[in-house]
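Participant: just coords:
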């Protein structure tokens, strides 16, 4: 495929690489009108106006820029799918600038603009364009790329488009490996005293029973997870917290022999990644130490990460990842809502808007985290799948990837998570059909 566009920028290359790469189409870019006119290969132009009567996509101009400007895209619609840069150019193959649309969402342009952060310094789902215009639960980028594929096949019937298959990837965040076990003497005694002084007798006696091996630790759901993963032939990813104890960081050290045994069990059945501590988001230099600690305790090279509390700061978080050798991020989603933060269910490379350049960091967006329905949008457990199922079904129809987040405690036996194993099992069955 030959693409004519004048003055191609890193933004052009990024978005063409993503879309054409996803479609499996080799391409080249030219700004030579004579070369373009003489070519008899499949081709299209991306500019304000077509050169002649070729296949043409209207260019709004966002990709020609190199700076970040404060603006909000217009909203349009095509085939009942929201679009962001609509146009009325009759010569354009689509009534919107599909390449600017894709770039705006994948680059997370809006998160570089001024916003009011939540208590954890996060960009909230409610501030997003997708939430405001009711397309957060729709993988619009996947639809937009499908529109491009349909146009290309219509104009070039012999063009081969790559076929994709739906996939499901279960992931788990291990914030606290155990509720009571393997905490160390000081934390264990402190927990008992705290429960006693607060008159929390249920927790006090539960802790005693667990420590005396009379009861299973309520966060110890690993055997249950492994059994289901084997039954459904799943390839899960575990993100393990390895930070120092603090207000939002409660896990036991991976250097503890019992935690090392758990890590060994996990790595025999799953991929292991780092779950950077909350403190490391304020002190990025800590992340290298945490990765080394987890790597030494598990004998695994750590190259995947998901932010604790889904605490992302653009572009700092991802720049830090790249600097210390993280190649794959699984943080692209919201802690407070389900859906598609970047508008897609597919993997994509991080584009650093401040440097105006593409990077090698691969982003794997998630669409669902169980905590949303527990803390931010309390929902009866028997209604959760009804809410999530349409989103999963749409991913299936688009041959996308559904990534879910669960925690070991939500699949355990604590009273506050009663009934959630049923939710998990139903979601697994539905997602894996």
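Facilitator: Thanks, I have it. Only a predicted model underlies this, so the values are computations on that prediction, with no experimental measurement involved.
Participant: Show me which residues of stretch 408-415 are buried.
Facilitator: 408, 409, 410, 411, 412, 413, 414 (16 or more other C-beta atoms under 10 Å). C-beta coordinates here come from the backbone N, C-alpha and C atoms, glycine included.
Participant: will you turn the residues you listed into JSON lines that also has distance to residue 149?
Facilitator: JSON lines is the format used below for the buried residues of stretch 408-415 (distance: C-beta to C-beta, whole Å):
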{"residue": "408", "distance to residue 149": "40"}
{"residue": "409", "distance to residue 149": "42"}
{"residue": "410", "distance to residue 149": "38"}
{"residue": "411", "distance to residue 149": "38"}
{"residue": "412", "distance to residue 149": "44"}
{"residue": "413", "distance to residue 149": "47"}
{"residue": "414", "distance to residue 149": "47"}
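Participant: tell me which of these is nearest to residue 217?
Facilitator: Residue 217 lies nearest to residue 412 out of those, by C-beta to C-beta, at 7.7 Å.
Participant: Skip the chain neighbours and tell me the closest residue to residue 218.
Facilitator: Excluding its sequence neighbours, the residue lying closest to residue 218 (C-beta to C-beta, 6 or more residues apart in numbering) is residue 414, at 3.9 Å.
Participant: which among the buried residues of stretch 408-415 gets closest to residue 340?
Facilitator: Using C-beta to C-beta, residue 410 comes nearest to residue 340 of the buried residues of stretch 408-415, at 22.0 Å.
Participant: Assign that closest one to helix, strand or coil.
Facilitator: Per DSSP: H, G, I helix; E, B strand; the rest coil, the secondary structure class of residue 410 is coil.
Participant: Next, it: phi, psi?
Facilitator: For residue 410, the backbone dihedrals (degrees, to the nearest 10) come out as phi -70, psi -20.
Participant: ok, back up a step: and the residue nearest to residue 218, how far from residue 216?
Facilitator: Between residue 414 and residue 216 the computed distance is 11 Å (C-beta to C-beta, to the nearest Å).
Participant: tell me the contacts of the residue positioned nearest the centre of the chain?
Facilitator: The centre of the chain sits closest to residue 365, judged by C-alpha atoms, centre = their mean, with a distance of 2.1 Å. Residue 365 makes contact with 332, 333, 340, 341, 342, 344, 345, 346, 347, 348, 403 under the criterion C-beta atoms under 8 Å, 6 or more residues apart in numbering.
Participant: Now which of those residues would you call buried?
Facilitator: When these are checked for burial by 16+ other C-beta under 10 Å, the buried set is 332, 333, 340, 341, 342, 344, 345, 346, 347, 348, 403.
Participant: Just the residues you listed: which are in strands?
Facilitator: Judged by DSSP state E, these include 348, 403 as members of strands.
Participant: coming back round to it: wouldn't the residue nearest to residue 218 be in contact with residue 180 here?
Facilitator: No. Taking contacts as C-beta atoms under 8 Å, residue 414 lies outside contact range of residue 180: 10.7 Å.
Participant: Now do the shared contacts for these two.
Facilitator: Taking C-beta under 8 Å, 6+ apart as the contact rule, the neighbours common to residue 414 and residue 180 are residue 218.
Participant: Once you drop chain neighbours, what's closest to the residue nearest to the centre of the chain?
Facilitator: Spatial nearest neighbour of residue 365, chain neighbours left out: residue 332 (4.0 Å); criterion: C-beta to C-beta, 6+ apart.
Participant: Is the one you found in contact with residue 362, as I believe?
Facilitator: No. The pair residue 332 / residue 362 is not scored as a contact, 10.5 Å apart, by C-beta under 8 Å.
Participant: where do the strands sit along the stretch 101-250 of the chain?
Facilitator: Along the stretch 101-250 of the chain, counting by DSSP state E, counting those that start in this stretch, strands occupy 167-174, 237-240.
Participant: Same list (those) but as TSV, adding distance to residue 425, mean pLDDT and mean neighbour count.
Facilitator: Listed next are the strands of the stretch 101-250 of the chain as TSV, based on distance: least, C-beta to C-beta, whole Å; pLDDT from 0 to 100; neighbours: other C-beta atoms under 10 Å:
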stretch	distance to residue 425	mean pLDDT	mean neighbour count
strand 167-174	12	98	22
strand 237-240	19	98	24
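Participant: Make TSV from these and add distance to residue 155 to it.
Facilitator: Output for those, formatted as TSV (distance: least, C-beta to C-beta, whole Å):
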stretch	distance to residue 155
strand 167-174	30
strand 237-240	40
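Participant: right, and those - which one's nearest residue 158?
Facilitator: In terms of C-beta to C-beta, the element of these nearest to residue 158 is strand 167-174, at 28.5 Å.
Participant: Give me the helices and strands touching that closest one, please.
Facilitator: The contact analysis (3 or more C-beta pairs under 8 Å, 6 or more residues apart in numbering; DSSP states H and E) places strand 167-174 against strand 237-240, strand 401-407.
Participant: Which helix or strand lies directly C-terminal to the last one?
Facilitator: So the one you mean is strand 401-407. Later in the chain than strand 401-407, the nearest helix or strand by DSSP states H and E is helix 420-431.
Participant: just checking, what packs against that following helix?
Facilitator: If you count contacts as 3+ C-beta pairs under 8 Å, 6+ apart, helix 420-431 packs onto helix 222-231, helix 381-397, strand 401-407.
Participant: Out of these, the one nearest residue 88 is which?
Facilitator: Closest to residue 88 of the helices and strands packed on helix 420-431, according to C-beta to C-beta: helix 381-397, at 28.5 Å.
Participant: That closest one: which residues count as buried?
Facilitator: 381, 384, 385, 388, 391, 392, 394, 395, 396.
Participant: I figured the fourth one was touching residue 424, is that so?
Facilitator: In other words, residue 388. No. Residue 388 lies out of contact with residue 424 (C-beta under 8 Å); the separation is 11.5 Å.
Participant: care to break this protein down by domain?
Facilitator: Using automatic domain parsing, the domain parsing of the chain gives 2-155, 167-179+217-431.
Participant: Please dump those into JSON lines; it should also carry distance to residue 209 for every row.
Facilitator: What follows is the domains of the chain, written out as JSON lines (distance: least, C-beta to C-beta, whole Å):
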{"stretch": "domain 2-155", "distance to residue 209": "34"}
{"stretch": "domain 167-179+217-431", "distance to residue 209": "10"}
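Participant: contacting residues around the residue nearest to residue 365?
Facilitator: Counted by C-beta under 8 Å, 6+ apart, residue 332 has contacts 312, 341, 342, 363, 364, 365, 366.
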